[in-house]
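1. Provide a 3D model corresponding to the input given below.
(2 chains)
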Amino acid sequence: MMRKCVSLMCLWAVLMLLTACNDGSCYDNGNSLPLMRFYMKGSNTNVTVSGVSLRGVGAPGDSVYVSNQAISEAYLPLRATKTSTQWVISVNTNVNVVVSDTLTIDYTSSPYFASAECGAMYKFNINGVAATHNIIDSIALVQPVVTNVNVESLRVYFKKN
Amino acid sequence: MMRTIFRYILVLLAAVACFTAQAQDAPKDSLVTPSRPSSQRRITPVTPKTNVVLPPGKDVDETVLEQFLTGDTLKAREEARKDSVRKAYTHYPKLTESYVACNFADLVMFVGGQDYFNLDFSFTVNMWNRIQPVAELGVGYAHSTPDDRNYTYKGHFAPYMKLGCNYNFMFKNSPDYQAFVGLRLGGSVFKYDITDIQCNNSYWGEETTTAIKGEWGRAMWGELVAGLKVKIHRAWALGWQVKFHKMLGQNHPESGQPWFVPGYGTRNGSLAFAFNVYYTFPTFLKTPMPAEAEKGSIADVK
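-> Coordinates of the predicted model:
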């Protein structure tokens, strides 16, 4: 009888330990960031554009977010304290001419609890997107709700050279 | 001289006559086994066992006896077998016993540092020591401020309820020792706050603090339970349960899914454990049903 009880208690303890196995890792993003991908006009194939620079309008010290790199996508942090954020997208062309466009994103923000592992953050609901058209042909809003899930939100279609 | 020759001839004729007579009397198989003498042959009378009705033993049911008398032996033997099986283990009455249980495993873990707990009381009716309808009522609470995270989660005290049924595999034994599996359907409505949410945006140089307050959650889930119950002393028993649960339905607040659901536990776990203390009510305890007592029921074994 006593041996049975001890065996059962040991079994219970082992099972309790098994349930405690949780690595506590966050497998999504730690923040809500809209993912922007680049496309060429008339195509839905993601392309890599070389010589791209990204800069937020009003960023402290006019800091550059991406500087003259070949990229096919970028996460654009939005300002939680504002309802609109502007980004300048510059492309250094083959003839060393920099062409820039300004991307304006309008949104509303609200606090959002993602999970115990990823924590809490702001969630953005994009109401509208606009851009100048020097090198950008058009903008498509794919997913207006921006959380920490890794999902494409914006598509930027460049003009063909 | 002639007389002597005649005597030899007579002896020779007698010997030939004897040999001829012996050869005619011998069986045919003696040629195959000539060494076996005919004097060792035995004839054993065989009595066929078929069509013999064995008499019923003592204390045999009258129905069985009648079937013997009418010659229906197959049916009689089947009845006798069933009767012996009935006597091999106890048949418990419909209301074998009822008991309450308190699951305090989470409370112990909470004292030990866990960020939440569920404390529940269940009422179980043991029917035929086999089927056991269960009703559980409890409260859940959570308070967590993870070290490396940017929030404080507080789940207010909230009630939950579970309804279900167990099946006791050890129904042939005493109800003091049980091994069972069961199903539960649980539900809860609860309120929670997530405060001190600190968001740092390094590029824009912004640091904000916000909160989600007074959010309501509703959830319904199913549980598969496997457990043991062991008598400790008199009407007191201890029990362990392993629970595999799955969310069946819940509301989807704009601010995200709650981390803790009372009665279910945390959202990221599908396994839970319970440690129960049982108290068996004396109402039905060891009260044999009259009809069952005749079959060698609960009174015979206890």
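2. quick one: contacts for the residue nearest to the spatial centre of chain B?
-> The centroid of chain B falls nearest to residue B:169 when counting by Cα atoms, centre = their mean (1.9 Å). Residues near residue B:169 by Cβ atoms under 8 Å, 6 or more residues apart in numbering or on different chains: B:179, B:180, B:181. To be clear about C-beta, it is placed using only N, CA and C from the backbone, and glycine gets the same treatment.
3. need the contact list for the residue nearest to residue B:204 when sequence neighbours are not counted.
-> Nearest non-adjacent residue to residue B:204, counting by Cβ to Cβ, 6 or more residues apart in numbering or on different chains: residue A:79, 5.1 Å away. By Cβ under 8 Å, 6+ apart, the contact set of residue A:79 is A:85, B:201, B:204, B:206.
4. Say whether chain A is contacted by stretch B:217-231.
-> Yes - for stretch B:217-231 and chain A, the contact criterion (Cβ under 8 Å from any Cβ of the partner chain) is met by B:228, B:230.
5. I'd like the average pLDDT over that stretch.
-> Mean per-residue pLDDT for stretch B:217-231: 94.
6. Over to stretch A:87-95?
-> 87.
7. Tell me how many other residues crowd residue A:70.
-> 9 (other Cβ atoms under 10 Å in any protein chain shown).
8. which residues of the chain fall in strands?
-> Since you didn't name a chain, this refers to chain A. Listed from the start of the chain, chain A has strands (DSSP state E) covering A:35-40, A:49-56, A:64-71, A:73-75, A:84-92, A:98-115, A:119-131, A:136-141, A:145-146, A:152-158.
9. look at chain B instead
-> Counting by DSSP E, the strands of chain B are B:97-103, B:116-126, B:131-144, B:152-168, B:177-201, B:206-233, B:236-250, B:260-261, B:265-266, B:271-280.
10. ok, back up a step: now the buried members of the contacts of residue A:79.
-> A:85, B:201, B:204 (16 or more other Cβ atoms under 10 Å in any protein chain shown).
11. quick one: the last one from residue A:68, how far?
-> Using Cβ to Cβ, to the nearest Å, one obtains 21 Å as the distance from residue B:204 to residue A:68.
12. So which bits of chain B are right by chain A?
-> B:144, B:146, B:149-151, B:153, B:194, B:197, B:199, B:201, B:203-206, B:208, B:210-212, B:228, B:230, B:232, B:238, B:240, B:242, B:254-259, B:266-269, B:271-273, B:275.
13. list the contacts for residue B:165?
-> Taking Cβ under 8 Å, 6+ apart, we find residue B:165 in contact with B:131, B:132, B:133, B:134, B:182, B:183.
14. For it, list each beta-bridge partner.
-> Note on residue B:165: beta-bridge partners residue B:133, residue B:183, judged by DSSP bridges.
15. any idea how far it lies from residue B:226?
-> Residue B:165 is 14 Å from residue B:226, by Cβ to Cβ.
16. Pull up the overlap in contacts between the two.
-> Joint contacts of residue B:165 and residue B:226 (Cβ under 8 Å, 6+ apart) are residue B:182.
17. what number of residues lie near residue B:275?
-> There are 20 residues near residue B:275, going by other Cβ under 10 Å.
18. now it: how far from residue B:229?
-> For residue B:275, the distance to residue B:229 equals 12 Å [Cβ to Cβ].
19. Common neighbours of these two, please.
-> B:238, B:239.
20. Local confidence estimate at residue B:9?
-> 75.
21. if I look at it, how far off is chain A?
-> Distance of residue B:9 to chain A, given as Cβ to the nearest Cβ, to the nearest Å: 101 Å.
22. Spit out the contact partners of that residue.
-> Residues in contact with residue B:9 (Cβ under 8 Å, 6+ apart): none are found.
23. Can you read off the pLDDT for the most centrally placed residue in chain A?
-> For chain A, the residue sitting closest to the mean C-alpha position, by Cα atoms, centre = their mean, is residue A:33 at 3.1 Å. According to the prediction, residue A:33 has pLDDT 91.
24. Please name the nearest non-neighbouring residue to it.
-> Counting by Cβ to Cβ, 6+ apart, residue A:33 lies nearest to residue A:75, which is 3.9 Å off, once chain neighbours are set aside.
25. mind checking pLDDT for that neighbour?
-> Looking at residue A:75, its pLDDT stands at 93.
26. Quick check: beta-bridge partners of residue B:191?
-> Going by DSSP bridges, residue B:191 forms beta bridges with residue B:216.
27. Test my guess that it contacts residue B:156.
-> Yes - contact criterion Cβ atoms under 8 Å: residue B:191 and residue B:156 qualify, at 4.7 Å.
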